[in-house]
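>>> Sharing a model that was predicted from the sequence below.
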Amino acid sequence: GFLAKYRKQSTLPGPRGIPFFGNVWNHIFRTAPKEILPKLKRFINKYGSIFELRMFGIHYVFVSEPELVKALLSSSTNVTKGRFEYSFFRPLFHDGLIVSEGKKWRSRRKILEPSFHFKILKKSIETVSRNAEEFVSHLLNSGGEPTEIEDMIYLLTLKIICETAMGVKLNTKDEQQNDYIKASKMSHDGMVYRFFKFWLYPDFIYRHCNAGKMFFKCVDLIHNFTNQVIRNRKELFIAEKNGSNCKVSTKKEGNAFLDNLLELEDSNPGLFTESDIFEEVNTFMIAGHNPSAATLNFLHFLLANHPDVQEKIYNEQMEILGDEKKIPTAQDLQKMIYLEMVIKETLRLYPTIPFQSRLIVEDLQIDEKIIIPAGHNLVVPIYFVHRSKKHWDNPEEFIPERFTPGNEIHPFSFLPFSAGPRSCIGQKYAMMELKTIMSTVLRKCWLEPVTTSVTPDYGIILKPAESIIVKAFPRNGNQ
Ligand code: HEM
């Protein structure tokens, strides 16, 4: 009977606001984007693990205590994304898995999940390895000179997702893929920019201003590239199908993601359409290359600055694989315990998706006293959950040993892939990809730092404010 239902006249702590604009206007909108993370940190320090920001009657409840986060992310009903801020995503993602809701999301998730089954992922290791080797030779071509790695890394992960999931090999010399990567980054920055400029919220205004025009130009470029990938694969798919009387699916075991969708279209005419294929291929091409690339960027930075960790990974690699050329098998990847600890520690310090939000569709009791009413948004600031002093010793430091198997870690204090029903569908894929790439890079290269410190920048994808520059030397060459 003591449950004090938290109503619109909030009893939750938070900075003071003004009517209509709430407290977002003076505390967030008027803050430079690079000051947002420090500001949110001050709020958490001041108001604790649950506080509220409000604007235009929309409530954002920030929850950073793992037990409370658990109530949210384990919920099977609160799986809808924050409707307002995710509406900025729609022109880019349409109604793909990242933003879809309700029945559509549930059925799509079920259809798409088997494409990321372990059996399928196993088949991608070789492709990932081959692309990683090409990346290593570019890196080593620099002859030990300071090299900015971000562009090379984005191209690497884009090529990997296109080849493994879409069955389309990109032409290295083709400028279009670089334009795609640039447009994809700019569209993300564009969405963040819009969020801070409330007068750009109405679509009819946004479409006519320079920022909006630039955003839609990027979206067009991205969509054209996606369509080209689909066309390329579809031509092959049709040719294969016409070449034999049997269905394509019976010929190949463990098809790539796009082949599965083409089969669905083929066997359910009218029910699974071209536009259904487009929205998911487009979604998976973006989500499948962007956070992995951002993570690899941070990984190279951390490893260049921690030679002891690099050496330990190298030793583990040699123990498992024996030499620098061997392509790892799925079992080999499973044995790379220390490398996995390093990847996890990188994702703890730099969770490349730093915030998640959910729309509460059914009143949610998150502890004995507090019920968040339907209609509010809950935001999990993962970046701060990962740096909480309560749950991590020396949280600001890079200590892979904290992930030694057997160490006790609250499962909801480490959420780089989120958790529960709406967690990352590509989590296993990403770990396979990151391990395979780092195994290839570190067996062949020794990294030294040029960039020695970074400041993470607020964004949909967490990125360093500075360019990451390293020097790469061959491991068994003239070091
Ligand atoms: C290090 C790499 C990655 C990280 C850190 C990451 C992180 C995340 C997180 C935190 C979410 C939940 C987002 C939210 O709640 O708003 C998510 C969702 C998603 N991720 Fe990943 N991801 C990674 C790689 C991938 C890859 C490789 C793919 C595809 C192959 C992928 C596809 C998706 C999709 C489609 C969703 C939406 C799932 C749904 O709503 O049902 N991600 N990811």
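Great, that's in hand.

>>> Which residues of the stretch 1-150 of the chain lie near the ligand?
Residues of the stretch 1-150 of the chain lying near the ligand by C-beta under 6 Å from any ligand atom: Lys81, Leu97, Ile98, Arg109. For every residue, glycine as well, the C-beta is placed using N, CA and C.

>>> How about stretch 455-464 and the ligand, touching?
No. Shown here: stretch 455-464 not in contact with the ligand (C-beta under 6 Å from any ligand atom), separated by at least 8.9 Å.

>>> Now tell me what touches that stretch from outside.
Here stretch 455-464 makes contact (C-beta atoms under 8 Å, 6 or more residues apart in numbering) with 33-34, 36-37, 188-189, 191-192, 290-291, 294, 297-298, 301, 350-354, 383, 451, 454, 465-466.

>>> and if we set it to 6 Å?
With contact meaning C-beta atoms under 6 Å, 6 or more residues apart in numbering, stretch 455-464 is reached by 33-34, 36-37, 188, 192, 290, 294, 350, 352, 354, 454, 465.

>>> pull the CA atoms of it into PDB?
Written as PDB, here are the backbone C-alpha positions of stretch 455-464 (Å, rounded to 0.1, in the frame of the first residue of the first chain):
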ATOM      1  CA  THR A 455      37.800  12.400 -25.000                       C
ATOM      2  CA  PRO A 456      34.700  10.500 -25.900                       C
ATOM      3  CA  ASP A 457      32.200  12.700 -27.700                       C
ATOM      4  CA  TYR A 458      28.500  12.500 -27.200                       C
ATOM      5  CA  GLY A 459      26.600  10.900 -30.100                       C
ATOM      6  CA  ILE A 460      24.400   8.100 -31.200                       C
ATOM      7  CA  ILE A 461      27.700   6.300 -31.700                       C
ATOM      8  CA  LEU A 462      30.400   7.100 -29.200                       C
ATOM      9  CA  LYS A 463      33.500   8.400 -30.900                       C
ATOM     10  CA  PRO A 464      36.700  10.000 -29.800                       C
END
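
>>> returning to that earlier point: just the contacts of stretch 455-464: which are in helices?
Those of those mapping onto helices are Pro33, Lys34, Ile36, Leu37, His188, Val192, Asn290, Ala294, per DSSP state H.

>>> tell me the mean pLDDT for stretch 51-71?
The average pLDDT within stretch 51-71 is 90.

>>> now swap in stretch 346-364 and tell me
On average, the pLDDT along stretch 346-364 is 93.

>>> Which one of the residues in the protein is closest to the ligand?
The nearest approach of the chain to the ligand comes at Gly426, 2.3 Å away (C-beta to the nearest ligand atom).

>>> For that residue, what are phi and psi?
phi -100, psi 20 (degrees, to the nearest 10).

>>> what about the strands in the stretch 1-150 of the chain?
Secondary structure of the stretch 1-150 of the chain (DSSP state E, counting those that start in this stretch): strands located at 50-55, 58-63, 80-81, 147-148.

>>> who's in contact with the third one?
Outside of strand 80-81, the residues within contact range by C-beta under 6 Å, 6+ apart are Val99, Glu101, Leu359, Val361.

>>> quick revisit: tabulate the residues of the stretch 1-150 of the chain next to the ligand in TSV, adding columns for distance to Pro395.
Below are these laid out as TSV (distance: C-beta to C-beta, whole Å):
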residue	distance to Pro395
Lys81	28
Leu97	32
Ile98	29
Arg109	33
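
>>> Of those residues, select the buried ones using a PyMOL command.
Only the buried entries of those go into this PyMOL selection, using 16 or more other C-beta atoms under 10 Å:
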select buried, resi 81+97+98
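
>>> With respect to pLDDT, which of the residues of the stretch 1-150 of the chain next to the ligand ranks lowest?
Per-residue pLDDT puts Lys81 lowest of these, at 85.

>>> Skip the chain neighbours and tell me the closest residue to the residue nearest the centre of the chain.
For the chain, Pro291 is the residue whose C-alpha lies nearest the centre (C-alpha atoms, centre = their mean; 3.5 Å). Leaving aside its chain neighbours, Pro291 sits nearest to Thr352 (4.2 Å; criterion: C-beta to C-beta, 6 or more residues apart in numbering).

>>> Now do the contacts for the one you found.
By C-beta under 6 Å, 6+ apart, the neighbours of Thr352 are Pro291, Ala294, Thr295, Ile461, Leu462.

>>> Check the spacing between it and Lys344 real quick.
13 Å (C-beta to C-beta, to the nearest Å).

>>> just the strands in the stretch 251-400 of the chain please.
For the stretch 251-400 of the chain, strands defined by DSSP E, counting those that start in this stretch occupy the ranges 356-359, 364-365, 371-372, 377-380.

>>> Which one of these lies nearest to Ala472?
strand 356-359 (34.3 Å; C-beta to C-beta).

>>> re earlier: show the buried residues in the contacts of stretch 455-464.
Pro33, Ile36, Leu37, His188, Val192, Asn290, Ala294, Tyr350, Thr352, Pro354, Val454.

>>> name the element the nearest residue to the fourth one once chain neighbours are set aside belongs to?
Yep, that's His188 we're talking about. Nearest non-adjacent residue to His188, counting by C-beta to C-beta, 6+ apart: Ile460, 4.9 Å away. Ile460 belongs to no helix or strand when assigned by DSSP states H and E.

>>> count of neighbours near Gly243?
Close neighbours of Gly243, defined as other C-beta atoms under 10 Å, add up to 9.

>>> ditto for Ser129
Neighbours of Ser129 (other C-beta under 10 Å): 18.

>>> Then the one 5 residues further on?
Counted with other C-beta under 10 Å, the neighbours of Glu134 add up to 16.

>>> where does the stretch 301-450 of the chain come near the ligand, residue by residue?
Counting by C-beta under 6 Å from any ligand atom, the residues of the stretch 301-450 of the chain that sit close to the ligand are Thr352, Ile353, Gln356, Pro416, Phe417, Ser418, Arg422, Cys424, Ile425, Gly426, Tyr429, Ala430.

>>> Where does pLDDT dip in the stretch 101-250 of the chain?
244-250 (pLDDT under 70).

>>> Quick one: the helices in the stretch 51-200 of the chain, in order.
Ranges of helices in the stretch 51-200 of the chain, per DSSP state H, counting those that start in this stretch, are 66-73, 83-86, 90-93, 102-112, 118-122, 125-141, 150-164, 175-195.

>>> Most tightly packed of the ones you listed?
helix 150-164 (a mean of 22; mean count of other C-beta atoms under 10 Å).

>>> how close does the closest residue to Tyr350 other than its chain neighbours sit to Ile161?
In space, and not counting its chain neighbours, Tyr350 is closest to Phe298: 4.3 Å by C-beta to C-beta, 6+ apart. Using C-beta to C-beta, one gets 19 Å for the distance from Phe298 to Ile161.

>>> ok, now which ones touch Cys445?
Taking C-beta under 6 Å, 6+ apart as the test, what Cys445 contacts is Ala472.

>>> On the pLDDT front, check it for me.
96.

>>> would Gly406 count as being in a helix?
No. Counting by DSSP: H, G, I helix; E, B strand; the rest coil, Gly406 is located in no helix; its state is coil.
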